[in-house]
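In: 3D model of this:
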Amino acid sequence: MIWLISRLRRDFSAWDRPTRIGFVLALCLLVIAVLLFFIAPQDQRQTILIGIGALIIVTQILIMWGNRGMVAPLTLAQRAFLRGDLEGTLALLEPMHASGQADARTLTLLGNAYRQLGRLDESAAVLSEAIDNLPNHHYPLYGFGRTLIVQGNYADGAAYVERALETGAPPVVRFDIAEAYYRQGNIDDLVAILSDVDVDDEEPRELFVSFWRWRYAGGSPPRRELIEAGLPFWEGQAERFAVTPYGASVRNDVSVLKSLLKPMGE
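Out: Take a look at the predicted model:
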């Protein structure tokens, strides 16, 4: 509730003047109507109650109308991000950030886009701002944790992803915790969490879970088909984060996985 009120106060300043005036008048009338409801005779309260309901609807309509220009950019940015148009995502979100109109969802998406472009310092800064605005939501917590991991800050990254899991993130994020353990050489914790990792049929993640089980838990080597399907993603990760310890670690794993293809029928 506090977050909603804070967001409404921030958005209010961006509304056009007629909408702001209408919203203030509607709130004033709503307060007056509520007071009248408690002091009016019993036989008049039903009429006043209908008026209160109408005023609540009016305020909701005014809020949606006032925010009409803010919803579209975020929606468009989400679509651009999903189709891989990261520069287009930034073009939509950076002006909102610069003008102070970015909420926690906007900041998180912006931070995730920066990470995908390899702009890790900017990603960490924006995602930290998102957490300040919404400290107990898994969306920014996970995004910040993932950025820390690809920066090579594995312990702190795992801690933030664990917080995201505790606050409602889907179970699939356990993979990121497992990867952080692996990258920092914490094999005991990696093996302990492997049985709980749900890759949700995502081949890049499934490949590494199979890889870890083979190396540390007595499993079979990853299937050739799985390596071929999942390897391009990890090659992209190694290239994108080449200047970080994470990128170097992924690059080594890519070399090992490629070597597994040679004796498997070639």
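In: which intervals of this protein have sub-threshold pLDDT?
Out: Along the chain, the model assigns pLDDT under 70 to residues 1-8, 10, 13-14, 67-72, 263-266.
In: Apply 50 and report the result again.
Out: Low-confidence segments of the chain (pLDDT under 50): 264-266.
In: Could I get the full set of helices for the protein?
Out: 2-12, 17-39, 45-66, 68-82, 86-98, 104-116, 120-133, 138-151, 154-166, 174-183, 187-194, 203-216, 224-240, 245-261 (DSSP state H).
In: Now mean neighbour count too, for these, in CSV please.
Out: In short, each C-beta sits where N, CA and C put it, glycine included. Putting the helices of the chain into CSV (neighbours: other Cβ atoms under 10 Å) gives the following:
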stretch, mean neighbour count
helix 2-12, 12
helix 17-39, 14
helix 45-66, 15
helix 68-82, 15
helix 86-98, 17
helix 104-116, 23
helix 120-133, 20
helix 138-151, 25
helix 154-166, 20
helix 174-183, 23
helix 187-194, 16
helix 203-216, 19
helix 224-240, 16
helix 245-261, 16
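In: show me what contacts Gly111?
Out: Glu122, Ser123, Ala124, Ala125, Val126, Leu127, Ala130, Pro140, Gly143, Phe144, Thr147 (Cβ atoms under 8 Å, 6 or more residues apart in numbering).
In: Now distance to Arg213 too, for those, in CSV please.
Out: Formatted as CSV, these follow (distance: Cβ to Cβ, whole Å):
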residue, distance to Arg213
Glu122, 36
Ser123, 31
Ala124, 32
Ala125, 37
Val126, 36
Leu127, 31
Ala130, 35
Pro140, 31
Gly143, 28
Phe144, 29
Thr147, 27
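In: Closest one of those to Arg183?
Out: Thr147 (13.9 Å; Cβ to Cβ).
In: Hmm, Leu127 and the closest one touching each other?
Out: Yes: here Thr147 reaches Leu127: they are 5.9 Å apart, a contact under Cβ atoms under 8 Å.
In: how much space is there between the residue most central in space within the chain and Pro170?
Out: Nearest to the mean C-alpha position of the chain, counting by Cα atoms, centre = their mean, stands Tyr139 at 3.6 Å. Plainly put, Tyr139 is 11 Å away from Pro170 if you go by Cβ to Cβ, to the nearest Å.
In: that older thread, who touches the residue nearest to the centre of the chain in this structure?
Out: Going by Cβ under 8 Å, 6+ apart, Tyr139 touches Ala104, Arg105, Thr108, Ala130, Ala164.
In: ok, 6 Å please
Out: Thr108 (Cβ atoms under 6 Å, 6 or more residues apart in numbering).
In: ok, now the one 3 residues further on?
Out: With contact taken as Cβ under 6 Å, 6+ apart, Tyr142 is in contact with Val161, Ala164, Ala169, Val173.
In: If we ignore the residues flanking it in sequence, what's nearest the first one?
Out: If you skip the residues right next to it in sequence, Val161 has Gly145 as its closest partner in space, 3.8 Å away by Cβ to Cβ, 6 or more residues apart in numbering.
In: One more: the third one?
Out: Take Ala169 and drop its neighbours on the chain: the residue closest to it by Cβ to Cβ, 6+ apart is His138, 3.7 Å away.
In: okay but the one you found is in contact with Glu166, surely?
Out: No: the pair His138 / Glu166 is not scored as a contact, 8.2 Å apart, by Cβ atoms under 6 Å.
In: do you know how far the residue nearest to Ile56 when sequence neighbours are not counted is from Trp15?
Out: Leaving aside its chain neighbours, Ile56 sits nearest to Leu30 (6.9 Å; criterion: Cβ to Cβ, 6+ apart). To Trp15, Leu30 is 18 Å away according to Cβ to Cβ.
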